[in-house]
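Engineer: Quick one, fold the following:
(chains A and B)
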Amino acid sequence: MSKLFVDQVDPKTGTTLTLGTSGDTISIPSGVTLSSAGTNTLTGISNTPAFSAYLANDSDQSISDSTSTKIQFEAERFDTAGAFDTTNYKFTVPSGQAGKYLIILQAKFGSSQQNDIVGSSITLKINGSDSNSTSWLGPGYISGTKDPILGNQLNLSTLVDLSASDYLEGYAFIKTNGAGTPKVQEGNDLATFFMGFKLIE
Amino acid sequence: MANLATKVKLYCDANGKTVDFAPGGNVELVDHSDGKGPFISSWNVSGLAQPSDSDLAAHDTAGDTEESNNVVRSTRRVAYGDIGDQLDEIFKDIDAWKARIQGIKDANPKS
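Structural biologist: Okay, here's the model as predicted:
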């Protein structure tokens, strides 16, 4: 192996400088800094897999009172790896895509009866079990008055370290005064959604 | 048919126990949205066994009544108005306030 000691390498006028050919590996050893002040167009480095699913079809999801219920994300904005199942409403980490994922879950709550909600929560489940990520609002419990509210919206964001075939689901819980039917609301396709992407590491 | 939560609450009430469905509470109800409906996922009511299907069925009729009355309670609550306004009503004319509240109760009877 020989070393090339130069201060600058430029392409010939009117051409593009190419490093290596398909199948080659160009390594940057530990301790070396690659700095760039120009424009980078990097293909093959992206925050994928990525998905964005939502509660849609102009229909709210009625759920049972005081029951942790899987949210029916039956529509997608995008799903780069085809990893979100809109029939079973879950994201499964594809083979070879283990890593850290940013996950965002949001749900809007209401009831068929006005001013009926006394508590609500959303929970991210990993492989069917509650994760440590639960967003919880219980105005009645907090104030001690149990004054019900018309509706609310909860959001949770979390970074999780996932293995291939791990799966994620979003669950909603609404406690009411028992007067109406609790609902997870679609809000013009914008209010209740489930999204995430893998971090570049 | 009454909601599972209502029947579980009545079952606990009948046995002198308090149920808490909130996250971290002593009973968790789950629905996987798979068409099978809600079920008891975990049960930690001290001194009381998890109810059987027949235990719950025994509270179905009472559960329907309870849920019907919950609608009445909600309707009444809205009609009563803000508690601060009611205190003002009481201070100014307690008899007029009592008459108004009684009228709301009469117009919205419980089962």
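
Engineer: is any part of the helix or strand bottoming out on mean pLDDT in chain B close to chain A?
Structural biologist: Every helix and strand of chain B was ranked by mean pLDDT, DSSP states H and E. The lowest is helix B:60-80, at a mean of 91. Yes: residues of helix B:60-80 contacting chain A under CB under 8 Å from any CB of the partner chain: B:66, B:67, B:70, B:71, B:73, B:74, B:75, B:77, B:78. For every residue, glycine as well, the C-beta is placed using N, CA and C.

Engineer: So among these, which ones count as buried?
Structural biologist: The neighbour-count criterion (16 or more other CB atoms under 10 Å in any protein chain shown) marks B:66, B:67, B:70, B:71, B:73, B:74, B:75, B:77 among the residues of helix B:60-80 next to chain A as buried.

Engineer: give the contact list for the fourth one.
Structural biologist: Counting by CB atoms under 8 Å, 6 or more residues apart in numbering or on different chains, residue B:71 touches A:113, A:179, A:180.

Engineer: nearest to residue B:41, of those residues?
Structural biologist: Of all the contacts of residue B:71, residue A:180 has the smallest distance to residue B:41: 23.5 Å, by CB to CB.

Engineer: Which pLDDT value goes with the closest one?
Structural biologist: Listed pLDDT for residue A:180 reads 85.

Engineer: just the one 4 residues further on next, same as before
Structural biologist: The pLDDT attached to residue A:184 in the predicted structure is 95.

Engineer: what does residue B:105 give?
Structural biologist: 97.

Engineer: Can you give me the distance of the residue nearest to it when sequence neighbours are not counted to residue A:109?
Structural biologist: In space, and not counting its chain neighbours, residue B:105 is closest to residue B:76: 6.7 Å by CB to CB, 6 or more residues apart in numbering or on different chains. Between residue B:76 and residue A:109 the distance is 23 Å, computed by CB to CB, to the nearest Å.

Engineer: my guess is residue A:28 meets residue A:19, correct?
Structural biologist: No: between residue A:28 and residue A:19 there is no contact under CB atoms under 8 Å: 11.6 Å.

Engineer: I'd like to know which residues of chain B are adjacent to chain A.
Structural biologist: B:3-6, B:21-23, B:28-34, B:37-38, B:41, B:66-67, B:70-71, B:73-75, B:77-78.

Engineer: coming back round to it: if you rank the contacts of residue B:71 by neighbours, which is first?
Structural biologist: Within these, most neighbours by other CB atoms under 10 Å in any protein chain shown means residue A:179, with 24 neighbours.

Engineer: mind checking how far that residue is from residue B:59?
Structural biologist: Taking CB to CB, one finds residue A:179 at 19 Å from residue B:59.

Engineer: do residue B:109 as well
Structural biologist: In this structure, residue B:109 and residue B:59 are 22 Å apart, going by CB to CB.

Engineer: who has more neighbours, those two?
Structural biologist: residue B:59 (21 against 8).

Engineer: which residues sit in contact with that one?
Structural biologist: Residue B:59 makes contact with B:2, B:6, B:7, B:10, B:11, B:14 under the criterion CB under 8 Å, 6+ apart.

Engineer: Lowest-confidence one in those?
Structural biologist: Ranked by pLDDT, the contacts of residue B:59 bottom out at residue B:2, which has 91.

Engineer: my guess is that residue meets residue B:60, correct?
Structural biologist: Yes: Residue B:2 is within contact range of residue B:60, at 5.4 Å (criterion: CB under 8 Å).

Engineer: neighbour count winner among these two?
Structural biologist: Neighbour tally, residue B:2 and residue B:60, criterion other CB under 10 Å: the higher count belongs to residue B:2, 22 against 14.

Engineer: That one belongs to a strand?
Structural biologist: No: judged by DSSP: H, G, I helix; E, B strand; the rest coil, residue B:2 forms no part of a strand; its state is coil.

Engineer: For it, which residues are in contact?
Structural biologist: Counting by CB under 8 Å, 6+ apart, residue B:2 has contacts B:59, B:60, B:61, B:62, B:63, B:64, B:66, B:67.

Engineer: Nothing else from me, thank you.
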